[in-house]
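Peer 1: I'll drop the sequence and a predicted model, then ask my questions.
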Amino acid sequence: MEEKMGRRERKKLQSRKAILDAAVREFSRQGFKETSIADIMNAADLGIGTFYNYFESKEEILMCLLGRFVQEVNAELQNMREAKRPSYELLEAGSAITARFLDENRFLLPLFLSAAEHSAKPQEKARRGMATPGFKSIFEEILHQGQQAGEIRDDVPADLIAEMFHSIYQAAAFSKLPISFQQNVALKTRLLLAGIRKQ
């Protein structure tokens, strides 16, 4: 019986992953608004009714994809943390990883930009098991540690600096400069780091 349950759980996890992976492909190909749930489920090779066993809406899929990426950013930064790299190097790397991800998944950019302003019903998200986008909290944690280590200015609150990092992506997204999104983010990040690094 226990083995049967394990197989059933594995099948559920595989179906959920198939839906998320198909959503990424379809959102990238057609855009978020133009992609229907039927498009996603066809790409996942699953029945439309199956969608509602896992998600309530396309918006919930976006939240899950952002949550998945937050975990990936943390995982990529973990090696640097273990190597005891300074906080400003972690911030620069985290900023670059985030810029690359947003550049490759433009359909997530509007949700990412609004995540700082709208932490939309955290109790509801927790109840339904939705991942909360935590980009800002990644930067806040690094900033706090940098302030404690004497690497980052402590005359400015860490959460305010984290907001400034978040706003870099918005400024780069709407920039008219003849440089790529990732280059724009990298240059703005360097300027911000120069201002917050303790001399």
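Peer 2: Yes, it's here. Numbering: from 1, shown residues only.
Peer 1: Please make it C-alpha for all contacts and neighbour counts, starting now.
Peer 2: Noted.
Peer 1: which residues touch F181?
Peer 2: F181 is in contact with 99, 103, 172-173, counting by C-alpha atoms under 8 Å, 6 or more residues apart in numbering.
Peer 1: could you dump the residues you listed to a markdown table with pLDDT, secondary structure and neighbour count?
Peer 2: A markdown table is the format used below for these (pLDDT from 0 to 100; DSSP: H, G, I helix; E, B strand; the rest coil; neighbours: other C-alpha atoms under 10 Å):
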| residue | pLDDT | secondary structure | neighbour count |
| --- | --- | --- | --- |
| A99 | 94 | helix | 22 |
| D103 | 92 | helix | 16 |
| A172 | 95 | helix | 21 |
| A173 | 93 | helix | 20 |
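Peer 1: okay, these in TSV with distance to L111 next?
Peer 2: Shown next, in TSV, are those (distance: C-alpha to C-alpha, whole Å):
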residue	distance to L111
A99	14
D103	13
A172	15
A173	13
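Peer 1: So which of those is the closest to S57?
Peer 2: The closest of these to S57 turns out to be D103 (C-alpha to C-alpha; 23.8 Å).
Peer 1: got a list of contacts for stretch 37-53?
Peer 2: Identification of contacts with stretch 37-53 by C-alpha under 8 Å, 6+ apart yields 18-19, 21-23, 26, 58.
Peer 1: ok, 10 Å please
Peer 2: Contacts with stretch 37-53, where a contact means C-alpha atoms under 10 Å, 6 or more residues apart in numbering, come from 12, 15-27, 30, 36, 57-58.
Peer 1: Which of those residues are buried, as a PyMOL select command?
Peer 2: Paste this into PyMOL to select the buried members of the contacts of stretch 37-53, with burial taken from 16 or more other C-alpha atoms under 10 Å:
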select buried, resi 15+16+18+19+20+22+23+24+25+26+27+36+58
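Peer 1: What confidence value was assigned to S114?
Peer 2: Note on S114: pLDDT of 71.
Peer 1: just checking, what packs against the strand or helix carrying it?
Peer 2: If you go by DSSP states H and E, S114 is part of helix 109-115. Other helices and strands packing on helix 109-115, by 3 or more C-alpha pairs under 10 Å, 6 or more residues apart in numbering; DSSP states H and E, are helix 58-82, helix 87-104, helix 135-148, helix 158-173.
Peer 1: okay, the angle between the second one and helix 135-148?
Peer 2: What separates the directions of helix 87-104 and helix 135-148 is an angle of 170 degrees, with axes from the mean of the first three to the mean of the last three C-alpha atoms, to 10 degrees.
Peer 1: can you pull the contacts of V156?
Peer 2: Contacts of V156 (C-alpha under 10 Å, 6+ apart): 147, 196.
Peer 1: could you measure it against L143, distance?
Peer 2: 10 Å (C-alpha to C-alpha, to the nearest Å).
Peer 1: between the two, what contacts are shared?
Peer 2: Residues within reach of V156 and of L143 at once, by C-alpha under 10 Å, 6+ apart, are I196.
Peer 1: All set, thanks.
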